[in-house]
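Q: Sharing a sequence plus its predicted fold:
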Amino acid sequence: MDNYRFILSGGGTGGHIYPAIAIANELKERFPDAEILFVGAKDRMEMEKVPQAGYKIEGLWISGVQRKLTPKNLMFPLKVISSLVRSASILNKFKPHAVIGTGGFASGPLLKVASVKGIPCLIQEQNSYAGITNKLLADKVKKICVAYEGMDKFFPKDKIVKTGNPVRSDLISLSENRDNAMQFFNLDMDKPTLLVLGGSLGARRINELIEDKLSFFKTFGLQLIWQCGKLYYEEYKKYDSEEVKVYPFINRMDFAYTATDMIISRSGAGAVSELSIVGKPVIFIPSPNVAEDHQTKNAKALVAENAAVMIAERDLDTEFEEDFTDLMLTKNRQQELSDNIKRMSLPDATKRIVDEIEKMLGKG
Ligand SMILES: CC(=O)N[C@H]1[C@@H](OP(=O)(O)OP(=O)(O)OC[C@H]2O[C@@H](n3ccc(=O)[nH]c3=O)[C@H](O)[C@@H]2O)O[C@H](CO)[C@@H](O)[C@@H]1O
């Protein structure tokens, strides 16, 4: 039988959405007749990105809880009840054989109801520090696919499988050649290119840094692809020029990774997994605003293997120019970082997760 029905749920940021899309693509590859439905949160990024990837999505009325007491929080219990009812109705109608959650608040109510109904559920945790939704679901689900060691601090040991993080297949084997990629961004073939990534939503402090260093980058003859984030685009689009290409969001990450010689990036779990596969020199600037400072931990794991450079936001003013110059001028060091980061990649993560889904279905 391969006319299975699967529901994938996760979202809020790209870090939860793209793993779900990668898993869906692999399910479609193995079970071409399978029906796939996504469930996300209304008004969040997944409502746009999932249909772009060719899948149907239903949106729940749900959001995270704010740390402070706000009017939005007063609505939270209502939202949870409404989402639980809506999840039950989606599950009754679609009758999935398995449900996969990739984190973010939308996956909470859906997987909760699915597990109560006895539908086999699997969750995938991208970070070395477990997200709250996945922690709450851990007892109810059958399997938990993780990317880091030591996750039994958060989850029951017997459910954990270390698979790595799913990466979209077009990023696993970059098939585009550099000329096409440069043409796509309208860049000069003969100049070195720096890619700046602020995570799926953009990063204010990285944008401020880049704005401040534009003439510094020019001294190296660099051209830039600068993903500033949807929220910040109005502020930074004025810098878009022949040598600096400013984007709210890059849909063709395959082109972006192919075009560039050097990368400055946040160290969200997805970025780290992708950049390990891409194998180019990276300077990580972790977000200090995430739970348990997990982006710093992600980046440090690479720095410990001499596979990337990391600069904390608080050190940017004093260290950035020196570290960047060092790396730009030392080709050997660039090569060393490229080789070492590539060694840390786990390119078959998606396949391994789908193997686990098959086992849950009693196959494989
Ligand atoms: C601020 C915040 O809460 N960040 C979290 C969020 O990061 P964030 O949402 O930034 O996610 P990741 O770094 O994990 O992944 C970003 C994903 O977005 C894609 N992308 C990004 C920019 C762009 O222009 N185009 C594009 O397609 C990347 O290719 C990648 O697939 O989820 C991660 C995974 O749970 C966490 O580790 C991060 O700490």
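A: Structure's in. What do you need? Predicted model, so just to flag it, every value in this text is computed and none were measured.
Q: check contacts around the residue of the stretch 101-250 of the chain found nearest the ligand.
A: Among the residues of the stretch 101-250 of the chain, residue 199 lies closest to the ligand, at 2.8 Å counting by CB to the nearest ligand atom. Backbone N, C-alpha and C define where each C-beta goes, glycine included. Contacts of residue 199 were listed using CB atoms under 8 Å, 6 or more residues apart in numbering, and they are 13-15, 229, 265-266, 268, 271, 287.
Q: mind redoing it with 6 Å?
A: Residue 199 makes contacts with 266, 268, as judged by CB atoms under 6 Å, 6 or more residues apart in numbering.
Q: Same question for residue 246.
A: Residues counted as contacts of residue 246 (CB under 6 Å, 6+ apart) are 226, 228, 236-237, 239-240.
Q: SS state for it?
A: Three states are possible here, and by DSSP: H, G, I helix; E, B strand; the rest coil the one that applies to residue 246 is strand.
Q: Identify the bridge partners of it.
A: Residue 246 forms beta bridges with residue 226, as assigned by DSSP bridges.
Q: where's it relative to residue 227, distance?
A: Residue 246 sits 8 Å away from residue 227, taking CB to CB, to the nearest Å as the criterion.
Q: what do you get for residue 363?
A: In this structure, residue 363 lies at 40 Å from residue 227, with CB to CB as the measure.
Q: And for residue 202?
A: If you go by CB to CB, the gap between residue 202 and residue 227 works out to 7 Å.
Q: and residue 8, that's in a strand?
A: Yes. Remark: residue 8 belongs to a strand, assigned using three-state DSSP.
Q: For residue 104, see how far away it is.
A: Taken as CB to CB, the spacing of residue 8 relative to residue 104 amounts to 11 Å.
Q: between those two, who's got more neighbours?
A: When neighbours are counted by other CB atoms under 10 Å, residue 8 comes out ahead of the other of residue 8 and residue 104, with 30 against 26.
Q: nearest spatial neighbour of the more buried one, skipping sequence neighbours?
A: With sequence-adjacent residues excluded and distances taken as CB to CB, 6 or more residues apart in numbering, residue 8 is closest to residue 20, at 4.4 Å.
Q: Kindly report the residues of the protein close to the ligand.
A: With CB under 6 Å from any ligand atom as the criterion, the chain comes near the ligand at residues 13-16, 18, 103, 126-127, 197, 199-200, 227, 249-250, 253, 266, 268-271, 274, 287, 290, 294-295.
Q: can you give me the mean pLDDT across the helix or strand harbouring residue 20?
A: Under the criterion of DSSP states H and E, residue 20 resides in helix 14-30. Helix 14-30 shows a mean pLDDT of 95.
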